[in-house]
Each structure stands twice: as structure tokens, then as C-alpha cells.
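Novice: Take a look and give me a structure for this.
(one chain, ligands or ions: 2)
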Amino acid sequence: MPRPRPETSAFRVRSVDAGRPEAETRGMVAVPGLRGAVGLAGRSVLNALLPPRCLSCGGLVSAPGSLCPGCWQGIEFLAPPHCGICGLPFAYDPGPEVFCGACLRRQPDFDRARAVLRYDDQSRGLVLGFKHGDRTEAAPAYAAWLERAGADLLAEAEMILPVPLHWRRLFTRRYNQAALLALALGCKTGLPYRPDLLLRRKHTPPQGRLSAAARKRNLQGAFAVDPRRRQEVEGRRLLLIDDVLTTGATLSACARVLRRAGAAQVDALVLARVVRPSAA
Ligand SMILES: [Zn+2]
Ligand SMILES: [Zn+2]
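Specialist: Numbering: from 1, shown residues only. Ligands and ions are numbered 1, 2, ... in the order given. Next up, the predicted model:
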């Protein structure tokens, strides 16, 4: 079977207006009444002081929470058709409930994963800016993207959980980017945000250059469900949030302990995912 080409997916998304910068802007300011007017006025003052910057390259843009035209062209938003489990984009629609080669070889421990955009040279600035560059003001815009890309998952989820950071990394990085995304998504959807259910017990070295097998070893025993909160996990449908899906090892490790604690369903929603030729 030829490798599914994700380019088609990007074209489809653009053609239906998803993720369009100006659409984001409309969504963010559509607050009716006095509160909306005050909010708009406040934002205008803020904009005058701090001109809005492109979420990816940092260039000036007309409205906060948007991309400049250059970045908009370059960033590939993912959409169906895709693998029914991990969300790997397919170039053509093979029909419902079709899975990619990687998922057929070994099914991940999460039920389904979906991503907003493809992690590549074009989107790296956006993802790393949010992770290390203190571009935390982007969280509401990313939550709107996550809400759209994960609509099916959100329809079934009862709680939203971020992939936790170990306290040592939290200390050096000052914030957990996955928690910021999960919190913003919780605020937007009204679903409970529960950063207290899952614990990171082990400080694992960065996984950037590790193979899939090494990542899995690296993560053994890294996560645990808070023993005082097991009852709150039992029988529940959970949605895990992270910034990037690379091999899926981190999300699988989290899903494994949540399932062991009795979770009925564990889906995952991320901002960006790596789309590897070999993954097909
Ligand atoms: Zn830009
Ligand atoms: Zn798959």
C-alpha cells in the first residue's frame, strides 16, 4: 500500500476554512454585551501597548492569536481521512475504521489520538515558542484549534488531563505547556480540568534523540495515578492533552496507568504530531 500523503489533508482543511487566522480572531472576540465591549476596549489598549505577534514566527499580525500569511501557508493542519487509532493522516479515504501500519503492528495503549497540526520545520517555531519561549498567551488560540481537531474525542470525554511534568523540570521550565493547553481547553469546553489525577514520579531525560524502544524503556514507571484519586478515574472516559506526539510512547505510558486504575476510555489530543513515512 503506498504511503498516505498528508499534503491532501492540509488542502482539505484549508478549503473548509478551519484554522484560518481571521476565523480565530472572530472566535476570540465574539463576546456579546457590555463585558464584550469592555473586553474589546481592554484588548485595544493592550494591542496598542503590545502589538500582536504571529503565533509561529513572532512577526507582527493584525490580531492576537493568529498566524501571519506566510506561516499560515506553511503550517499543515491535519484532518480526516486518517488512521482511526493514532490519527496519522491518509492521502485518500480508505473507508471508516482503517488503521495505519504502525497501529496494526502494535496497538497503542490509548484508544484514539488526534492532532491539530503536523510537527515539521514550518511548525517547530510555534511549538517550541510555546514550550520554552514563554509564548503562553497563545494557549486560548491553541485551545480553539484543539477543540476543532478533537471534536469527536471531546464529545465523549468526561475529564481533561494534561501529561504531567516532573517537578524538577517544572522548576526549570516554570510552567507545563500541556497543562496550559488542557486548562484553556477545559475553560473553553466546560469539561473538568484534572491535573491532579496523574503523577510523574520519575525524572526522565529528554527523549528527543531516543528510538521508540528506548523511549518506552525510559518511561517505565514514570507515571502513576494518585492512589488517593483512583476512584475518580474508575469507569471514566478521559482525554489526555500534550503538546507534541512523536512516537506516542509518553501518551501510551500515561494511558497504561490510567487503564490499570480502571479508566473506561483514554483518548489523546495534541497540538502537533510527527508524521513519519515509516509510521505508515
Ligand atoms: Zn508568522
Ligand atoms: Zn495509526
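Novice: Which residues are in contact with residue 256?
Specialist: For residue 256, the contacting residues are 109, 223, by C-beta atoms under 8 Å, 6 or more residues apart in numbering. To be clear about C-beta, it is placed using only N, CA and C from the backbone, and glycine gets the same treatment.
Novice: repeat that for 6 Å
Specialist: Counting by C-beta atoms under 6 Å, 6 or more residues apart in numbering, residue 256 touches residue 109.
Novice: Look up how far residue 266 lies from it.
Specialist: Between residue 256 and residue 266 the distance is 9 Å, computed by C-beta to C-beta, to the nearest Å.
Novice: go on, residue 173?
Specialist: Applying C-beta to C-beta, the value for residue 173 to residue 266 is 25 Å.
Novice: Break down the protein into its helices, ranges please.
Specialist: 7-15, 21-29, 33-49, 69-74, 101-105, 121-131, 139-149, 151-156, 167-173, 177-189, 212-218, 230-233, 249-260 (DSSP state H).
Novice: Next, the buried residues of the shortest one.
Specialist: By neighbour count, and taking 16 or more other C-beta atoms under 10 Å as the criterion, the buried residues in helix 230-233 are 232, 233.
Novice: cool, and the fourth one?
Specialist: Of the residues in helix 69-74, those buried under the neighbour-count criterion (16+ other C-beta under 10 Å) are 71, 72, 74.
Novice: Residues of this structure that sit close to ligand 2?
Specialist: 83, 85, 86, 88, 100, 103 (C-beta under 5 Å from the ion).
Novice: which of those has the most neighbours?
Specialist: Neighbour counts for the residues of the chain next to ligand 2 peak at residue 88, which has 27 neighbours (criterion: other C-beta atoms under 10 Å).
Novice: Tell me which of residue 173 and residue 266 has more neighbours.
Specialist: In terms of neighbours (other C-beta under 10 Å), residue 266 is the more surrounded of residue 173 and residue 266; the figures are 27 against 13.
Novice: Local confidence estimate at the more buried one?
Specialist: At residue 266 the predicted local confidence, pLDDT, stands at 98.
Novice: again, but for residue 244
Specialist: Note on residue 244: pLDDT of 95.
Novice: check contacts around it.
Specialist: When contacts are counted by C-beta under 6 Å, 6+ apart, residue 244 is found next to 119, 127, 272.
Novice: which one is the first one nearest to, not counting chain neighbours?
Specialist: On the basis of C-beta to C-beta, 6 or more residues apart in numbering, the spatially nearest residue to residue 119 that is not a chain neighbour turns out to be residue 272, at 3.9 Å.
Novice: Just give me the neighbour total for the one you found.
Specialist: 25.
Novice: Also residue 84?
Specialist: Quick note: residue 84 (other C-beta under 10 Å) scores 18 neighbours.
Novice: Which residues of the stretch 1-150 of the chain lie near ligand 1?
Specialist: Where proximity means C-beta under 5 Å from the ion, the interface of the stretch 1-150 of the chain facing ligand 1 comprises 54, 56, 57, 59, 68, 71.
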